[in-house]
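Novice: need coordinates for the below:
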Amino acid sequence: MKRNTLITKPNSLSPKSPFQNYRKSELSKTLIPKPEIFISKNQNENTFKNLLADLQSIGISNISFFNLLSNYELNSISEIISYLHLIVNREDYHPENLLFHQRLLSIIPPKHYKALSKLLQENYHSIAFSEETINFIEDEKIVKIIDEILFQYMGLLYSKTELHPTNTNLNLRSKIRLLESINTLLSEDLNIMLYFQMISTYGGLQAYYQNNKITSEILRKISHKGFDTDYIIFNSSQIHSIGPSKLEKQTEWDERLLQIIKKILGSKDEKPEVDIKQNRNKLFNIIKEHYTLLKNKKDKVAALEIINLISPALDKGHSILKKQNKLDEEVKIDNLKLELDYIKDILQNYEGKLPKPRKLYAVRSSKNIPELLFDNKRLSCCIFKPTGLFHGEITRLTLNPTTPIIEFWLEPYQEFLGIATLYLGVNRLGQKAILVDTVEYDNRLLELRGNNGTMKFILNSILMDAHQAGSKKVVIFAAPYGKPINFVNYVKKFSEKQASISFHKHIILNL
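Specialist: Numbers count the residues shown, from 1 in each chain. Next up, the predicted model:
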């Protein structure tokens, strides 16, 4: 499907690095060029020597670093090193990450370094910020400081900009993630800089839609077609919500892991559901001892060992299926890998306790960047960063007023677990129509109501939103790639019972 997007990459923009020392009360507008970064050969070794080499690779010489440390008390130096250790100890660490944190340490008073380290730990583990951390964020105006650093990086004024974060946890995490890799991200997608230029110039995304010459003309045209532009542009409220059903029971992590093993290996009476292109008996013998401990004692260590042993087999099977161009089987393995990652996270960071879902709800996205930028792994979607095949698409969607986005949230998780990307237009009969391009989700979204219940909720949310927007038709793209096939198949099956839904092999929509 060919997309007609509003925004293209401007050639006039070039990413620059803002990381120069400045006092909290003033923001210098002088930017320095992007440093050339070299990864040390022994990056996996957490030595002070490697830290110095990494700092040097981003333009901070050993002499400069030692001179900086000489201004601090000894206990503060220890806290600085501990803080930097949190960064370099991550699995996806890159020396570029140090640039932002060096800047942050130069702003935050040393007496708050412990609180800052706690914030960073909770951020990296993706857990809800503790009450102590929330108080620190509010008292020290951490969000404002990070916003100022972000806007200064772009060479933009922050003071007139109105930012309305959807969720403090998600907002801070995404901004830290953006700033840690901002050189790389901007070099790959200059529309990120364009986004911040627009909201800095107009004071916010909605004001940009209203007052920019191009976008205001587009709004006039869709209003003339009969769409409710007030709802489309200004409404970011909740569309639909449901609570837990008495018929639904949350599956414990050990049961979920046993179900995954059964899907991969089968049982005495049932064949396996997923083809991993390998000897299943051999794989079972490898995990047999750990499997017994998991089944009989709910052993967490054994569970982690099973995940670590099964994951390479899934990767190998995925590679074979990819070469054989067996897309459906590839998707099944991708879904299992996401499920294993989730269980691993539960075991390592939540002590084996699954958060209890309370409410599933859909909201119209306020299209905040960088909240929407990440993560293609969580949502298994090609339009998200850092490694989605079409990761530049998400910023173009935010800049286009005719491409609304619906976010799907599940309490108590601190990040949205699903999205639906929409396109406004008219069909060949001239009727107002909304195209549902894709529905992406994390498997955790299914916890409250199961697969069918969640797919029904998503469909109802899309229809309710379309009605509010003034659309007469909803068109669902019938040939998506990957996980969205599940939603399409649900709608296809549902169409057999509903005369108001028609399924066509080929969908044509004039945008």
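Novice: quick one: low-confidence ranges for the stretch 251-400 of the chain?
Specialist: In the predicted model, the stretch 251-400 of the chain carries pLDDT under 70 at residues 251, 327-328, 331, 349-357, 376-378, 380, 388-389.
Novice: how about the strands in it?
Specialist: 360-364 (DSSP state E, counting those that start in this stretch).
Novice: go on, the stretch 101-250 of the chain?
Specialist: Using DSSP E, counting those that start in this stretch, strands in the stretch 101-250 of the chain cover 238-242.
Novice: Leu179: how many residues sit nearby?
Specialist: 22 (other CB atoms under 10 Å). Yep, even glycine has a C-beta here, placed from its N, CA and C like the rest.
Novice: leaving out sequence neighbours, find the closest residue to it.
Specialist: Using CB to CB, 6 or more residues apart in numbering and skipping residues adjacent in sequence, the residue nearest Leu179 is Phe100, 4.0 Å away.
Novice: who's in contact with the one you found?
Specialist: Applying CB atoms under 8 Å, 6 or more residues apart in numbering to Phe100 gives the contacts Phe19, Ile149, Ile176, Leu179, Glu180, Ile182.
Novice: which element is it on?
Specialist: Using DSSP states H and E, Phe100 sits within helix 97-107.
Novice: in that helix, what counts as buried?
Specialist: By neighbour count on 16 or more other CB atoms under 10 Å, the buried set for helix 97-107 is Asn97, Leu98, Leu99, Phe100, His101, Gln102, Arg103, Leu104, Leu105, Ile107.
Novice: turn the residues you listed into CSV, columns for distance to Phe65 and pLDDT.
Specialist: Putting those into CSV (distance: CB to CB, whole Å; pLDDT from 0 to 100) gives the following:
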residue, distance to Phe65, pLDDT
Asn97, 16, 89
Leu98, 10, 90
Leu99, 13, 89
Phe100, 16, 91
His101, 13, 91
Gln102, 9, 88
Arg103, 14, 89
Leu104, 15, 91
Leu105, 11, 90
Ile107, 17, 91
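Novice: quick revisit: so of the contacts of Phe100, which ones are in helices?
Specialist: In helices, judged by DSSP state H, the following of these are found: Ile149, Ile176, Leu179, Glu180, Ile182.
Novice: highest neighbour count among those residues?
Specialist: With neighbours defined as other CB under 10 Å, the most crowded of the ones in helices among the contacts of Phe100 is Ile182; it has 26 neighbours.
Novice: give me the number of residues near the nearest residue to that one once chain neighbours are set aside?
Specialist: In space, and not counting its chain neighbours, Ile182 is closest to Tyr153: 6.1 Å by CB to CB, 6+ apart. For Tyr153, the number of neighbouring residues by other CB under 10 Å comes to 24.
Novice: I'd guessed Tyr153 sits against Leu179; true?
Specialist: Yes. Shown here, Tyr153 and Leu179 form a contact pair, counting by CB atoms under 8 Å, at 7.3 Å.
Novice: so which strand or helix has Thr438?
Specialist: Going by DSSP H and E, Thr438 is in strand 432-441.
Novice: who are the packing partners of that strand?
Specialist: For strand 432-441, the elements it packs on are strand 418-426, helix 450-469, strand 473-476, judged by 3 or more CB pairs under 8 Å, 6 or more residues apart in numbering; DSSP states H and E.
Novice: within the sheet, what are the partner strands of that strand, with directions?
Specialist: Sheet pairing of strand 432-441 (DSSP bridges) gives strand 418-426 (antiparallel), strand 473-476 (parallel).
Novice: return the most buried member of the helices and strands packed on strand 432-441.
Specialist: strand 418-426 (a mean of 23; mean count of other CB atoms under 10 Å).
Novice: pLDDT on that one, on average?
Specialist: What strand 418-426 shows for mean pLDDT is 90.
Novice: same question, stretch 429-439
Specialist: Average pLDDT, stretch 429-439: 87.
Novice: ok, stretch 488-498 next?
Specialist: 76.
Novice: can you list the buried residues in it?
Specialist: Within stretch 488-498, the residues that count as buried by 16+ other CB under 10 Å are Val488, Tyr490, Val491.
Novice: of all the strands paired with strand 432-441, which one is nearest His125?
Specialist: Nearest to His125 among these is strand 418-426 (22.1 Å), distances taken as CB to CB.
Novice: what angle sits between that closest one and helix 450-469?
Specialist: Strand 418-426 and helix 450-469 are oriented at 40 degrees to each other (axes from the mean of the first three to the mean of the last three CA atoms, to 10 degrees).
Novice: just the residues contacting strand 418-426, thanks.
Specialist: Counting by CB under 8 Å, 6+ apart, 3, 222, 225, 227, 232, 365, 379, 381, 383, 397, 402-408, 432-442, 445, 458, 461-462, 465, 469, 471, 509-511 sit against strand 418-426.
Novice: before we move on, what about stretch 366-378?
Specialist: By CB under 8 Å, 6+ apart, stretch 366-378 touches 163-167, 170-171, 174-175, 177-178, 185, 192, 195-196, 205, 236, 338, 341, 365, 382-388, 391, 394-395, 397-398, 405, 415, 417, 442.
Novice: related to what we said a few turns ago, let's have the strands paired with strand 432-441 in TSV, adding distance to Ile137.
Specialist: Listed next are the strands paired with strand 432-441 as TSV, based on distance: least, CB to CB, whole Å:
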stretch	distance to Ile137
strand 418-426	26
strand 473-476	40
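Novice: please, where are all the helices along the stretch 51-200 of the chain?
Specialist: Counting by DSSP state H, counting those that start in this stretch, the stretch 51-200 of the chain has helices at residues 62-69, 74-88, 97-107, 113-124, 131-139, 142-153, 168-180, 182-188, 191-202.
Novice: and the longest one, what does it pack onto?
Specialist: Right, the one you point to is helix 74-88. helix 48-57, helix 97-107, helix 113-124.
Novice: give me the pLDDT for the residue nearest to Ile182.
Specialist: 84.
Novice: try Phe477
Specialist: Phe477 is assigned 83 on the pLDDT scale.
Novice: for the one 4 residues further on, same thing?
Specialist: Model confidence at Tyr481, given as pLDDT, is 68.
Novice: how close does Arg358 sit to Lys456?
Specialist: From Arg358 over to Lys456 the distance is 19 Å, taken as CB to CB, to the nearest Å.
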